[in-house]
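Asker: Give the three-dimensional model of this entry:
(one chain, ligands or ions: 2)
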Amino acid sequence: MRAMVLDKPKRRLELRDVPKPRPGRGQLLVRISACAVCRTDLHVLDGELPDPKLPLILGHQIVGRVEEIGEEANSKFHIGDRVGIPWLGWTDGECAYCRSNRENLCDRARFTGYTIDGGYAEFTVADTRFCFYLPDRYNDVEVAPLLCAGLIGYRSYRKTGDARRLGIYGFGNAAHLIAQIALYEKRDLFVFTRPGDVATQQAAKELGALWAGGSDEMPPEKLDAAIIFASVGPLVPMALRALAKGGIVVCGGIHMSDIPSFPYADLWEERIITSVANLTRRDGEEFFELAPRVPVQTKTETFHLEQANTALDRFRAGELKGTAVLTIAE
Ligand SMILES: [Zn+2]
Ligand SMILES: [Zn+2]
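Answerer: Ligands and ions are numbered 1, 2, ... in the order given. Predicted coordinates for the structure are as follows:
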């Protein structure tokens with residue numbers, strides 16, 4: 001099969017003919033039709049995440065159809081079914097985290113497109129238990145970005161509880177999806193962009209944000225919660241300063257630059273800073289139930305599998321108009 005392979009961080013991906021994987025016990029062999037590109041792919045590529053599997057096939061927002069079912073796979077899926085394969089690819093099911101409904105923190109978790117091969121390829125194998133059915137209202141390209149930007153965004157959003165005044169720092173793919181859910185749930189939305197990025201601020205207002213401005217500005221009201229999707233550490237004390245008493249800052253990314261020091265008075269009065277790591281299957285089930293009701297709309301730009309390097313370059317340069325989705329022709 002054809003795959004875009006990463007031999008080492010900081011190298012270009014190479015189009016290569018590699019052996020088609022065989023589904024092991026409890027696994028599905030999936031013929032991939034689309035795989036969305038995530039910022040985490042850039043972090044892996046840049047060597048910002050430790051110990052990736054090498055050589056590696058990137059990609060963890062995979063949409064495809066079941067081609068073969070391995071031994072002892074449960075009967076949840078049938079040949080030909082459409083499935084979504086997310087970042088969380090495997091957990092041991094027995095560590096203290098797994099046994100307390102926190103499989104996202106599993107000590108031995110494996111991650112798609114990072115510690116196991118992902119979706120920049122014609123086929124992949126995936127553990128049946130971690131695959132999702134996807135809502136019918138979306139086609140393969142539309143639904144792909146929901147598998148990470150949507151899901152991890154949703155987990156970040158849930159951490160804000162029932163915050164009425166919600167700030168979002170960094171208005172990229174995840175923010176755009178989560179903003180739609182926040183507005184559907186009647187939250188007051190405040191969007192922070194790079195200072196001077198008037199176009200994005202305008203887009204946020206058109207979507208329904210009550211206010212949009214630069215990340216160096218204070219919102220017109222104190223916030224009950226803020227989610228930071230940009231991988232910029234100095235935003236953490238900025239967001240903290242924008243919070244009302246008892247507010248929470250949720251860092252939604254897997255990698256962030258260092259956070260500068262700040263006065264304790266900014267944290268005082270039960271303000272909270274937390275991060276979101278990975279996802280649980282329950283997040284996925286909830287999100288895929290909710291997304292079509294909103295309905296959450298994705299913006300995408302498609303590339304052929306062979307153009308993965310171009311898609312990544314354009315993502316890095318901020319030149320994309322939507323989430324890049326690689327399409328894989330039969
Ligand atoms: Zn575990
Ligand atoms: Zn991702």
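Asker: Name the nearest residue to residue 110, ignoring sequence neighbours.
Answerer: residue 90 (4.1 Å; C-beta to C-beta, 6 or more residues apart in numbering). All C-beta atoms are positioned from the backbone trio N, CA, C, and that covers glycine.
Asker: contacting residues for the one you found?
Answerer: Listed by C-beta atoms under 8 Å, 6 or more residues apart in numbering, the contact set of residue 90 reads 109, 110, 116, 127, 130.
Asker: Kindly state the pLDDT recorded for the third one?
Answerer: So the one you mean is residue 116. With respect to pLDDT, residue 116 has a value of 97.
Asker: can I assume it is in contact with residue 110?
Answerer: Yes: assessed by C-beta atoms under 8 Å, residue 116 is found in contact with residue 110 at 5.0 Å.
Asker: Now the common contact residues for the two.
Answerer: Joint contacts of residue 116 and residue 110 (C-beta under 8 Å, 6+ apart) are 89, 90.
Asker: which among the contacts of residue 90 gets closest to ligand 1?
Answerer: residue 109 (6.6 Å; C-beta to the ion).
Asker: That closest one - how many residues pack around it?
Answerer: 20 (other C-beta atoms under 10 Å).
Asker: Let me know the distance separating residue 190 from residue 197.
Answerer: 15 Å (C-beta to C-beta, to the nearest Å).
Asker: And the two? Which one has more around it.
Answerer: The neighbour comparison of residue 190 against residue 197 (other C-beta under 10 Å) goes to residue 190, with 23 against 18.
Asker: ok, that one - contacts?
Answerer: Applying C-beta under 8 Å, 6+ apart, the residues near residue 190 are 165, 166, 167, 168, 209, 210, 211, 212, 219, 221, 223.
Asker: can we see that at 6 Å?
Answerer: Residue 190 makes contact with 167, 211, 219, according to C-beta atoms under 6 Å, 6 or more residues apart in numbering.
Asker: quick one: which of these has the most company?
Answerer: Busiest of the contacts of residue 190 [other C-beta under 10 Å] is residue 167, holding 29 neighbours.
Asker: Tell me the bridge partners for that one.
Answerer: On the basis of DSSP bridges, residue 167 is bridged to residue 190, residue 226.
Asker: now the residue nearest to residue 110: how far from ligand 2?
Answerer: The gap separating residue 90 from ligand 2 is 16 Å, by C-beta to the ion, to the nearest Å.
Asker: try residue 31
Answerer: In terms of C-beta to the ion, residue 31 sits 22 Å off from ligand 2.
Asker: May I ask you to confirm that that residue belongs to a helix?
Answerer: No: under DSSP: H, G, I helix; E, B strand; the rest coil, residue 31 sits outside any helix and is assigned strand.
Asker: confidence score at the nearest residue to it once chain neighbours are set aside?
Answerer: Excluding the flanking residues, the one nearest residue 31 by C-beta to C-beta, 6+ apart is residue 67, at 4.6 Å. The per-residue pLDDT reported for residue 67 equals 96.
Asker: and the helix or strand containing residue 67, anywhere near ligand 2?
Answerer: Here residue 67, judged by DSSP states H and E, is contained in strand 62-69. No: figure legend: strand 62-69 not in contact with ligand 2 (C-beta under 5 Å from the ion); closest approach 11.1 Å.
Asker: quick one: the strands in the stretch 201-330 of the chain?
Answerer: Under the criterion DSSP state E, counting those that start in this stretch, the stretch 201-330 of the chain contains strands at 211-214, 223-228, 243-251, 272-275, 300-304, 323-327.
Asker: Make TSV out of those strands and add mean pLDDT.
Answerer: Output for the strands of the stretch 201-330 of the chain, formatted as TSV (pLDDT from 0 to 100):
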stretch	mean pLDDT
strand 211-214	98
strand 223-228	98
strand 243-251	98
strand 272-275	98
strand 300-304	98
strand 323-327	97
